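Colleague: What shape does this take:
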Amino acid sequence: MARFPFRTVFPALLVVSASCLLAHGPLAANEAAVAVPKPSIDLPATAGLQKIVLAGGCFWGMQGMFEHVKGVRQVVAGYAGGGADTALYPRVSSGTTGHAEAVEITYDPSAISFGRLLQLYFAVGHNPTEVDSQGPDTGSQYRSAIFYADGKQKRVGEAYIAAIDTAHLFGEPLATRLEPLHAFYRAEAYHQDYLIAHPDNRYIIVNDLPKIANLRRLFPDVYRADPVKVDARS
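Modeller: Residues are numbered from 1 along each chain as shown. Next up is the predicted model:
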């Protein structure tokens with residue numbers, strides 16, 4: 001197992017807003033990144049854009065990290081796992097809706113594969129060994145989950161999780177769930193591109209900017225400096 005602790009030095013931390021503290025609780029040091037190999041099986045490259053829905057803690061960081069990946073066309077923050085009537089941030093934050101904070105990634109399979117996105121998800125996107133939590137955030141809405149759209153996505157996800165566990169790459173079993181994707185609900189506008197808009201937010205500095213730093217360091221071949229935005233016109 002190879003672990004790469006976060007060592008990025010950031011500017012002086014600014015005071016975090018009260019709303020962030022209420023939404024996410026106390027700040028905590030981010031987990032170490034883990035070098036994981038590419039999955040041995042993957043989806044074949046197909047014509048046209050494809051989508052993958054992933055959950056792994058606060059969607060601010062997941063969205064911000066994947067927006068720096070080559071081949072990704074759009075990353076939308078939202079909710080998956082619950083119903084349309086509860087796909088609202090105040091309701092999801094209660095942890096009682098079945099929803100997880102998630103991201104819907106639209107990507108070009110000729111530039112980056114489904115399996116490669118899963119590799120980034122496990123290696124630098126979040127800590128997949130945490131159960132119903134992620135860093136300072138706790139509750140089922142912060143669970144680690146792959147929301148599969150079909151049997152092919154499910155098979156790749158199952159095989160990859162089994163391979164990582166068999167190799168003991170994280171030192172403990174993955175908590176990542178495989179859940180069928182019934183629907184993805186876009187989050188409120190103020191959540192979209194939150195990391196891009198608020199790079200000086202203390203929560204972002206402590207918990208999310210290290211993900212991007214590790215993406216750049218561990219996967220320079222897929223890193224791009226200029227992130228894609230939810231609305232390319234913004």
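Colleague: how about residue 193, what does it touch?
Modeller: By C-beta atoms under 8 Å, 6 or more residues apart in numbering, the contact set of residue 193 is 63, 67, 229-231, 234. For every residue, glycine as well, the C-beta is placed using N, CA and C.
Colleague: from the residues you listed, which single one is nearest residue 192?
Modeller: residue 230 (4.4 Å; C-beta to C-beta).
Colleague: thought that closest one was touching residue 192?
Modeller: Yes. The pair residue 230 / residue 192 is scored as a contact, 4.4 Å apart, by C-beta atoms under 8 Å.
Colleague: With neighbour numbers in mind, choose between those two.
Modeller: residue 192 (21 against 17; other C-beta atoms under 10 Å).
Colleague: which ones are touching that one?
Modeller: Contacts of residue 192 (C-beta under 8 Å, 6+ apart): 63, 76-77, 230-231.
Colleague: What about these, which are in strands?
Modeller: Among the contacts of residue 192, the residues falling in strands (DSSP state E) are 76-77.
Colleague: Mutual contacts of residue 230 and residue 192, please.
Modeller: Jointly contacting residue 230 and residue 192 under the rule C-beta under 8 Å, 6+ apart are 76-77.
Colleague: ok, back up a step: for the contacts of residue 193, which one is nearest residue 208?
Modeller: For these, the nearest to residue 208 is residue 63 (9.2 Å; C-beta to C-beta).
Colleague: where's that closest one relative to residue 77, distance?
Modeller: 5 Å (C-beta to C-beta, to the nearest Å).
Colleague: joint contacts of those two?
Modeller: By C-beta under 8 Å, 6+ apart, the residues touching both residue 63 and residue 77 are 103, 192, 194.
Colleague: Would you enumerate the residues in contact with the last one?
Modeller: Residues near residue 194 by C-beta under 8 Å, 6+ apart: 60, 63-64, 77, 201, 204.
Colleague: ok, and what's touching the helix or strand harbouring residue 118?
Modeller: In the assignment (DSSP states H and E), residue 118 maps to helix 114-120. For helix 114-120, the surrounding residues in contact (C-beta under 8 Å, 6+ apart) are 36-39, 41-43, 50, 52, 54, 65-66, 69, 72, 105, 107, 146, 153, 156-157, 160, 215, 219, 222.
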